[in-house]
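Student: My questions are about this predicted structure, shown below with the sequence.
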Amino acid sequence: MTLLSVNVNKIAVLRNSRGGSEPDILRAAHTCIDAGCGGITVHPRPDQRHIRPDDVRALAAITRGRVEYNIEGNPFAGARGSYPGLIELARETKPTQVTLVPDGDGQITSDHGFDLTRDIDTLKPLVAALRDIGCRVSLFVDSGATGFEAAVAIGVQRIEIYTGPYAQAFEEGRVQEELERCADTARRAQYAGLAVNAGHDLSQANLGTFKAAIPGLAEVSIGHALIGEALYEGMATTVRNYLQILR
Ligand SMILES: CC(=O)[C@@H](O)[C@H](O)COP(=O)(O)O
Ligand SMILES: NCC(=O)COP(=O)(O)O
């Protein structure tokens, strides 16, 4: 069974749009956990547009001993600002897994993975620091990535395949080539000794096809589509509840 880790960034986007504490990110996480998800994911960014350091800490407390906790981000992000930084947050909160992602500070969302051949020396001390803290370490990579043996040699345990291009291809009805690229990437990573996660723009529409093509897929982290779908699927009940009050 592939573990579903729900990314709750978008709950925080909504909350931050008004200030205050609604919608409550912890209530949302509890709801996902009670519904049976296997993990909660956050991707704090240095501009704190959604997940803030206090959210990272509070979610660590409610996930501990119940489900996996996955913190994603660029370890160098906000290096010059007041944002505590990914490694410091991991040291404080001890998540199950840290997924390193090579985002720029102001990037609107993640849109590429590491080049393992070029980035491996930079990653080495970070991976070591995270392993010392006791976190599983995963690296965000594009389909078609190479250099998995080198990643294993520095202590990396998983990759997360960036599925944005897969989701785009699926929507455009030309999925086969990108799906095969993802499957080949997963096979090579597994052969090198890495477990394989996947994420970005996965949805109820495109997830089944992806899972069927990737034997042994360990985890998917899903936020944007899942939160949007939850709005649609919960909307009718909520409207009916309001109408009941107004009778
Ligand atoms: C690494 C990845 O694909 C996700 O974490 C995605 O970037 C979500 O981040 P945002 O919610 O900030 O777009
Ligand atoms: N790692 C991917 C993730 O956490 C969620 O990405 P998305 O579903 O918000 O695109």
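Tutor: Noted; the coordinates are in hand. Ligands and ions are numbered 1, 2, ... in the order given.

Student: hey, let's count contacts and neighbours off CA atoms from now on
Tutor: Noted.

Student: Can you name every helix or strand that the helix or strand where Ala58 lies contacts?
Tutor: Ala58 is located in helix 53-63, with elements delineated by DSSP states H and E. Packing contacts for helix 53-63, counted by 3 or more Cα pairs under 8 Å, 6 or more residues apart in numbering; DSSP states H and E, involve helix 25-34, strand 39-42, helix 86-93.

Student: Can I get the longest one in CSV, CA atoms only?
Tutor: In this case it means helix 25-34. The C-alpha trace of helix 25-34 is given here as CSV (Å, rounded to 0.1, in the frame of the first residue of the first chain):
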residue,chain,number,x,y,z
ILE,A,25,-4.6,23.8,10.3
LEU,A,26,-4.5,21.4,13.3
ARG,A,27,-8.2,20.6,13.0
ALA,A,28,-7.7,19.9,9.3
ALA,A,29,-4.7,17.6,10.0
HIS,A,30,-6.7,15.8,12.7
THR,A,31,-9.5,15.3,10.2
CYS,A,32,-7.1,13.8,7.6
ILE,A,33,-5.5,11.5,10.3
ASP,A,34,-8.9,10.4,11.5
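
Student: What are the buried residues along it?
Tutor: Buried residues in helix 25-34, counted by 16 or more other Cα atoms under 10 Å: 25-26, 28-30, 32-33.

Student: okay, those in a markdown table with pLDDT and distance to ligand 2 next?
Tutor: A markdown table is the format used below for those (pLDDT from 0 to 100; distance: Cα to the nearest ligand atom, whole Å):
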| residue | pLDDT | distance to ligand 2 |
| --- | --- | --- |
| Ile25 | 98 | 15 |
| Leu26 | 98 | 17 |
| Ala28 | 98 | 15 |
| Ala29 | 98 | 14 |
| His30 | 98 | 17 |
| Cys32 | 98 | 14 |
| Ile33 | 98 | 16 |
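
Student: ok, so of these, who is nearest ligand 1?
Tutor: Closest approach to ligand 1 among those (Cα to the nearest ligand atom): Ile25, at 13.7 Å.

Student: just how off-centre is the one helix or strand Lys211 maps to within its chain?
Tutor: Here Lys211, judged by DSSP H and E, is contained in helix 207-213. Relative to the centre of its chain, helix 207-213 is centred 18 Å away, using Cα atoms, centre = their mean, to the nearest Å.

Student: ok, is it in contact with ligand 2 or not?
Tutor: No. Helix 207-213 stays clear of ligand 2 (Cα under 6 Å from any ligand atom), getting no nearer than 10.8 Å.

Student: Next, the buried residues of that helix.
Tutor: 210-211.

Student: And whatever helix or strand comes next after it, what does it pack against?
Tutor: Remark: after helix 207-213, the chain's next helix or strand is strand 219-222, criterion DSSP H and E. On a contact count with 3+ Cα pairs under 8 Å, 6+ apart, strand 219-222 meets strand 3-7, strand 195-199.

Student: If we use 10 Å, what do you get?
Tutor: Under the contact definition 3 or more Cα pairs under 10 Å, 6 or more residues apart in numbering; DSSP states H and E, strand 219-222 sits against strand 3-7, strand 39-42, strand 158-162, strand 195-199, helix 207-213.
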